[in-house]
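> What follows is a predicted structure for the sequence shown.
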Amino acid sequence: MGKGDAGRGKIPRFRDWSIRKKFMMSCLPVMVILVAAILIISYQMLYNSNITKTEEIARDECEMIGIRLESMRENVDTCSNMLAQNINRVYSDVNVENVDQIAFIDIKNDIYTALDYALRCFPDVSSLVFIDKKANMSSAGTRGTLDYEELRADYLDQIPDKGMAVTMQFPMGDGSCFLADSPTLTFGKRIISMSNGKILGYILINISEERLSSVFPEQEEEVVARDYFLVDGEGIVNVSRQKERLLKKVDNEEIMAFLAKGAEGNGAQSGGAAGSIVTDSGKLTVNGEKALVLKEAIPGFGFTLVSSISIFDLTRDIRATAQVIFILGAAGIVLALYLTVILSKRISKPVQELTIAAEKLQNGDFSVRCPAVSEEEVGVLARTFNVMAYKVDCLLKEVETEQRRKREYELALIQAQVKPHFLYNTLDLIYVFCQSGMSKEGARMTKYLADFYRVSLSSGREIVTVQEEIKNVEGYLSIQRERYCDLMDFSVECEQEIRAYPIVKMTLQPLVENAIYHGLKEQQKPGTVRVRGYQEGNMLVFMVEDDGAGMTKERLEEVLSREEAKNHFGLRSVIERISLYYGKSGSVEVESRPGRGTRVTVRVPQKMEEKPC
């Protein structure tokens, strides 16, 4: 026996299995796969949701820190400007060239008062130092006597004596120059006399690292810990709650690469009232584990704010939730297997009965019924089978009735297309034009009539384009306007985009005819018929409205409910014909008010649904 024969031998074995066995062997793998998929998808959704929410919170915190730091930097500029004005007041009555150490003693208290006042106005500033051109010093917020030579070498020599006097920032120092206990960020500015432009001295403004790190959010024990620090352009940590890494280079290569990526772009962008608020994020390895790392440029200080959150700690609750879901899923599989065994026993017998009934139905016995004594799925299936058999029987009868009605409408449509009275009246009007010497009017009417019947008959086609239907309506209205020139006018608007779509022939012309004869003529005064066609979503919408006599609600209901003669093709025929061809996807709405006119709105799908005959 070949491989092909062996393969064919396995197929009947499965076919010969009992329904119970097939049911169990089919359901079990599906349930296992489904539960596994639910577990994986649920975990991933929880994971992504938690990461996204945490990232949003971290972004908000970074933005708040950035705003606070930018505000601190603006305060430094404000402080330096205020000190420049106050020191100018102190020197207003003093000759700068004559201020030696002895003369400086007379103004030192005034300078100290200005420094102390600024220190109180700006709590972010930890200390202030003023040094004049002759090495005289006055300070506030410092402890002990400062070394002039050390200050000159580290700071004063770097402040330019020419150009605009701006507040410049120095690299973060260890604070030893100012006898501080922690690293200090120093700003310097040249003070120029407002009266003669000479240099009065230099201001050094200090912000302690502790003050800078105080803008970082306080961490509660139950919250996942977040690590914040500020680095400069060289990757040196300037501000951090972990004091052991201050003034040292970041020792994580991934973070350094992350900081370098897009550094120029971040420096160029700006947004918000406080300056650049550009936040980027990534998942990096920090201290041997994955972490969500965010960075934000702080252009006022030339720093980059870095925030790090451990993903392992962040997903601790998610892992606990996943374990609960896994236990519930396993319990669900066991329960489902047990129910499968029980249900398969109860299903097999009713299914056999249903199979026998289905075979009878297949052979054309639509009177067959299957016993349905239970309320479970098979019982519902049996009752559904009975309903289906009944509906199939009814549908066959409805199809016969529908075909008969369709033939009746086709006969009425042929009669409406020919319109003998309309033809006779139009020919009479053409004759009158010719007899009256109005040959141009007669020729125009003849052309209108020819175009109208060319489109109306359309070689017996049931479906025409919107363009053809609109042309048919325009021809009909043009003829009627010639006949009732003192009674009616019309307008036709149709979007170019919908003119190529198919539509059932003679959809609009009967509506236009009703608007003329039952709207305008009944009010005995001039009126207008308006026809519009446009696209609304996946539907084609056509409106036929007039400003004629209109109808009451009761009269409208009577018109829509009464039967039309078999040889008449009117509003009700249009409604039923739309329903026959388009089913529930097509609709006709009629709105009318006495003395205000009537509007008929037809909605059909863009592509016609083919109905089997």
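Alright, I've got the coordinates.
> what distance separates the top helix by length along the chain from the centre of its chain?
As assigned by DSSP state H, the longest helix anywhere in the chain is helix 19-90. Its chain's C-alpha centre lies 20 Å from the corresponding centre of helix 19-90 when counted by C-alpha atoms, centre = their mean, to the nearest Å.
> and the angle for the next helix or strand after that helix with helix 19-90?
Tracing the chain past helix 19-90, the next element assigned as helix or strand by DSSP states H and E is helix 101-121. Orientation check (axes from the mean of the first three to the mean of the last three C-alpha atoms, to 10 degrees): helix 101-121 against helix 19-90 gives 150 degrees.
> For Val35, the count of nearby residues, please.
19 (other C-beta atoms under 10 Å). For glycine as for every other residue, the C-beta is placed from the backbone atoms N, C-alpha and C.
> so who does it touch?
For Val35, the contacting residues are 329-330, 332-333, by C-beta atoms under 8 Å, 6 or more residues apart in numbering.
> Going by neighbour count, which of these are buried?
Neighbour counting with 16 or more other C-beta atoms under 10 Å marks 329, 333 as buried within the contacts of Val35.
> Just the strands from the stretch 201-350 of the chain, written as ranges.
226-231, 237-240, 279-286, 289-298, 303-310 (DSSP state E, counting those that start in this stretch).
> nearest to Gln169, of the ones you listed?
When those are compared by C-beta to C-beta, strand 303-310 sits nearest Gln169, at 9.9 Å.
> Okay, and which of the contacts of Val35 map to helices?
Using DSSP H, these in helices are 329-330, 332-333.
> picking up where we left off before, tabulate the strands of the stretch 201-350 of the chain in CSV, adding columns for mean pLDDT.
Shown next, in CSV, are those (pLDDT from 0 to 100):
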stretch, mean pLDDT
strand 226-231, 87
strand 237-240, 90
strand 279-286, 76
strand 289-298, 85
strand 303-310, 86
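> Compare those and give me the one nearest Thr446.
Thr446 lies closest, by C-beta to C-beta, to one member of these: strand 279-286, at 77.0 Å.
> can you give me how far the closest one is from the chain middle?
On C-alpha atoms, centre = their mean, the centre of strand 279-286 falls 26 Å from the chain's centre.
> Pick out whichever of the contacts of Val35 sits closest to Met24.
Using C-beta to C-beta, Ile333 comes nearest to Met24 of the contacts of Val35, at 12.6 Å.
> Do I have it right that that closest one meets Val32?
Yes: assessed by C-beta atoms under 8 Å, Ile333 is found in contact with Val32 at 6.3 Å.
> What sits closest to Ile298 if chain neighbours are left out?
Nearest residue to Ile298, sequence neighbours excluded (C-beta to C-beta, 6 or more residues apart in numbering): Leu69, at 5.1 Å.
> got the contact list for stretch 510-521?
416, 473, 476-477, 480, 484, 487-488, 526-527, 529, 531, 544-550, 569-571, 573-574, 597-598, 600, 602.
> ok, which stretches of the stretch 501-613 of the chain are helices?
Assigned by DSSP state H, counting those that start in this stretch, the stretch 501-613 of the chain shows helices spanning 509-514, 521-523, 553-561, 571-582.
> show me the contacts for Trp17.
Met25.
> my bad, should have said Asn252
Counted by C-beta under 8 Å, 6+ apart, Asn252 has contacts 284-286.
> Surely Asp161 is in contact with Arg190?
Yes: between Asp161 and Arg190 there is a contact under C-beta under 8 Å: 6.6 Å.
> Neighbour count: these two, which is higher?
Looking at Asp161 and Arg190 with other C-beta under 10 Å, you find the greater number of neighbours at Arg190, namely 22 against 11.
> which SSE is the residue nearest to that one when sequence neighbours are not counted in?
Closest residue to Arg190 apart from its sequence neighbours, by C-beta to C-beta, 6+ apart: Ala165 at 4.6 Å. Assigned by DSSP H and E, Ala165 falls within no helix or strand.
> where does Ala165 fall, phi/psi-wise?
The phi/psi pair for Ala165 (degrees, to the nearest 10) reads phi -80, psi 100.
> Could you verify my assumption that it touches Ser193?
No: in this structure, Ala165 is not within contact of Ser193 by C-beta under 8 Å, at 10.9 Å.
> more neighbours, those two?
Ala165 (19 against 16).
> Report the contact partners of that one.
So Ala165 contacts 84, 189-192 (C-beta under 8 Å, 6+ apart).
> Which of the contacts of Asn252 lies at the shortest distance from Leu292?
Using C-beta to C-beta, the contacts of Asn252 come closest to Leu292 at Leu284, 8.3 Å.
> Show me what counts as buried in stretch 95-115.
96, 99, 104, 107-108, 110-111, 114-115.
> Other residues contacting that stretch?
So stretch 95-115 is contacted by 83, 86-87, 89-91, 94, 128-130, 132-134, 136, 138-141, 193, 196, 198, 200 (C-beta under 8 Å, 6+ apart).
> Please write out the alpha-carbon positions of that stretch in PDB.
What follows is stretch 95-115, C-alpha atoms only, in PDB (Å, rounded to 0.1, in the frame of the first residue of the first chain):
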ATOM      1  CA  ASN A  95      33.700 108.200  42.600                       C
ATOM      2  CA  VAL A  96      34.600 104.600  41.500                       C
ATOM      3  CA  GLU A  97      38.200 105.500  41.000                       C
ATOM      4  CA  ASN A  98      38.600 106.600  44.600                       C
ATOM      5  CA  VAL A  99      37.000 103.600  46.200                       C
ATOM      6  CA  ASP A 100      39.800 101.800  48.000                       C
ATOM      7  CA  GLN A 101      39.600  99.400  50.900                       C
ATOM      8  CA  ILE A 102      39.000 102.200  53.400                       C
ATOM      9  CA  ALA A 103      36.400 104.000  51.200                       C
ATOM     10  CA  PHE A 104      34.700 100.700  50.500                       C
ATOM     11  CA  ILE A 105      34.000 100.300  54.200                       C
ATOM     12  CA  ASP A 106      31.600 103.300  54.000                       C
ATOM     13  CA  ILE A 107      29.500 101.700  51.300                       C
ATOM     14  CA  LYS A 108      29.900  98.000  52.300                       C
ATOM     15  CA  ASN A 109      26.900  98.000  54.500                       C
ATOM     16  CA  ASP A 110      24.700  99.500  51.800                       C
ATOM     17  CA  ILE A 111      26.000  96.800  49.400                       C
ATOM     18  CA  TYR A 112      25.300  94.100  51.900                       C
ATOM     19  CA  THR A 113      21.800  95.500  52.400                       C
ATOM     20  CA  ALA A 114      21.200  95.200  48.700                       C
ATOM     21  CA  LEU A 115      22.600  91.700  48.600                       C
END
